[in-house]
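>>> Got a sequence here, can you model it:
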Amino acid sequence: MNHRSDWHAIETKQNGFLAEVDQENLFPSLDRLLMDDFFIEERMTLLGEIVRDGQIVCSDTALNDIVLTRLESMKMLRFSLYVNDQFITRYNADGIIVATPTGSTAYSLSAGGPIVLPTSNLFVLTPICAQTLTTARSIVLPDNAHIRLIVEAKDGIRMLHQAVSFDSDNVVSVHPGDEIVIKSDSKITNYLQKIIVRRKVNEKTIKKTLLIYYRSTNGCFSSNGSVYCSGSFCKAE
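Now for the predicted structure:
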């Protein structure tokens, strides 16, 4: 059975597949939401696991991307990429981005990755500043692919300056020898598409809308006008 979660994204002066409603129309859009005046898109999500000595030490999900990246140090990382248990390549790079179609307009785009249809079911893998004489291009894989990244020691040194981030929120340190396993999550994210607003909403309606919306999301509404909920399952680093 697929588990579903609903998102209603608010634009904060950024471009992308989540920037459907701008801040000016936040309250009217919530009013339309309560009147069932919207349509839903299903978006793919990622499930990532960090495996250390055969044990899963962290498991978390992401709507945009899971990123292996360096921390503080300017030294490059060395890691290998496996797809369906088949060795693909070894990178010397600042990291790699494994993005969903929704996340293809986020960090992956900044790193030179392609833009893909947000309702597609696929992975976009984009290396970050890879050291190579040829262009390190993005790799597009189907959603049934099993992706595995293995962090390696460099020049015999066990570097401890790398980490994995889940949607740039949950950041977990990883060690040489750790494996980052990424696959499509069985959970489907329902994305509430753009709500076209044609009328003004008075203050009373705004307060009522916010109160109902706050209760319906179990309090996942912040006062700065953004909606955010996160479920991290990481227990250790």
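
>>> Look at Asn25 and give its secondary structure.
Per DSSP: H, G, I helix; E, B strand; the rest coil, the local secondary structure of Asn25 is helix.

>>> And the pLDDT for it?
Looking at Asn25, its pLDDT reads 71.

>>> Over to Gln86?
In this model, Gln86 carries a pLDDT of 97.

>>> Flag the shaky bits of the protein, pLDDT-wise.
Residues of the chain meeting the criterion pLDDT under 70: 1-23, 154-160, 188-237.

>>> Might you report the residue contacts of Val171?
163-165 (Cβ atoms under 8 Å, 6 or more residues apart in numbering). Using the backbone N, CA and C atoms, a C-beta is placed for each residue, glycine as well.

>>> So which of those residues is surrounded by the most neighbours?
Counting neighbours by other Cβ atoms under 10 Å, Val164 comes out on top of these with 26 neighbours.

>>> Which strands and helices lie in contact with the helix or strand hosting that residue?
Val164 belongs to strand 162-166 when assigned by DSSP states H and E. In this structure, strand 162-166 makes packing contacts with strand 46-52, strand 55-62, strand 65-70, strand 170-174, judged by 3 or more Cβ pairs under 8 Å, 6 or more residues apart in numbering; DSSP states H and E.

>>> Now do the helices in the chain.
26-34, 107-110, 203-216 (DSSP state H).

>>> Buried residues, the second one. List them.
Using 16 or more other Cβ atoms under 10 Å as the burial criterion, the residues of helix 107-110 that qualify are 107-109.
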